[in-house]
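Peer 1: attaching a predicted model along with its sequence, questions to come.
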Amino acid sequence: MTRKLTIALIALLLLTAPALADVVRTVHSEYYTVQGTNKAEIYNDLRHNSPLNKGDDTYQAHTRTSIRTTYKILQRGNQCQIKDVVVHLDLTYLYPKLLHSVDYETRTWWKDFYGQLEEHELIHGEISSKAAHRLDDILENLGPGDCGGYKNIIKVKIKQVMDRMKQDQAAYDKLVEHGLKQDRNMGRYP
């Protein structure tokens with residue numbers, strides 16, 4: 001991991017630390033196998049057999065994010081208030097895994113390549129984490145309101161945070177060209 005990435009991740013973790021009790025975060029890693037015993041074969045297999053294809057674009061790694069909330073709504077007369085908010089964040093990282101042993105040169109290349117994939121996806125995870133904490137803060141600080149539209153207000157707040165997270169994810173991918181320019185932009189995002 002590069003020094004800039006380490007510093008950026010530590011800063012992100014410190015910024016999100018106060019709300020940790022209200023965000024339940026689970027992290028999983030999954031792998032798909034990659035054929036090949038040299039750089040050209042591995043690259044070709046990644047390009048043609050990656051499970052992450054969108055049109056003409058192929059991605060070698062991916063971060064799946066699921067955010068859901070649990071809460072109670074207390075009613076006093078016409079007024080409702082949200083209580084006991086818990087935001088559940090599930091992150092699943094999908095990475096390639098070499099099926100065959102490779103020579104030293106190829107292994108060194110693979111470790112560098114894999115490290116860049118991992119750096120890129122971990123930042124996607126941190127963007128998701130920031131969104132989960134933002135959602136928790138917004139819902140925890142949501143004041144009382146008329147019960148007639150209170151649930152709808154909560155849904156709108158959740159949708160706003162989720163839409164913002166999707167925009168932030170897309171902006172990050174655009175900035176670093178899905179990881180191709182990862183090192184060049186480490187200090188600027190997220």
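Peer 2: Good, I have the coordinates. Source: prediction; values computed, not measured. Numbering: from 1, shown residues only.
Peer 1: only C-alpha atoms for contact and neighbour calcs from this point on.
Peer 2: OK.
Peer 1: just the strands in this protein please.
Peer 2: 23-34, 52-54, 57-59, 62-76, 79-98, 145-146 (DSSP state E).
Peer 1: in the fourth one, which residues are buried?
Peer 2: Applying a neighbour-count criterion of 16 or more other Cα atoms under 10 Å, one finds 62, 63, 65, 67, 69, 73 buried in strand 62-76.
Peer 1: centre of the chain to stretch 148-161, how far?
Peer 2: The chain centre lies 23 Å from the centre of stretch 148-161; the measure is Cα atoms, centre = their mean, to the nearest Å.
Peer 1: contacts for that stretch, please.
Peer 2: 78, 80, 131, 134, 135, 138, 139 (Cα atoms under 8 Å, 6 or more residues apart in numbering).
Peer 1: nearest the geometric middle of the protein, what residue?
Peer 2: residue 125 (2.6 Å; Cα atoms, centre = their mean).
Peer 1: any idea how far residue 128 is from the residue of the chain positioned farthest from its centre?
Peer 2: Distance from the C-alpha centroid of the chain peaks at residue 77, with 40.4 Å (Cα atoms, centre = their mean). Note on residue 77: its distance to residue 128, by Cα to Cα, to the nearest Å, is 37 Å.
Peer 1: what about residue 152, how many neighbours?
Peer 2: 11 (other Cα atoms under 10 Å).
Peer 1: for residue 160, same thing?
Peer 2: Using other Cα under 10 Å: residue 160 sits among 13 other residues.
Peer 1: same question for residue 81.
Peer 2: The number of residues near residue 81, taken as other Cα under 10 Å, comes to 18.
Peer 1: ok, for it, nearest residue in space, not its chain neighbours?
Peer 2: Distance criterion Cα to Cα, 6 or more residues apart in numbering; nearest residue to residue 81, sequence neighbours excluded, is residue 144 at 4.5 Å.
Peer 1: thought the one you found was touching residue 78?
Peer 2: No. Counting by Cα atoms under 8 Å, residue 144 does not reach residue 78; the two are 9.9 Å apart.
Peer 1: between those two, which one's more packed in?
Peer 2: Neighbour count, other Cα under 10 Å: between residue 144 and residue 78, residue 144 has more, with 16 against 10.
Peer 1: next, the more buried one: phi, psi?
Peer 2: phi -70, psi 160 (degrees, to the nearest 10).
Peer 1: before we move on, the earlier item: show me the contacts for the residue nearest to residue 81.
Peer 2: Residue 144 neighbours (Cα under 8 Å, 6+ apart): 79, 80, 81, 82.
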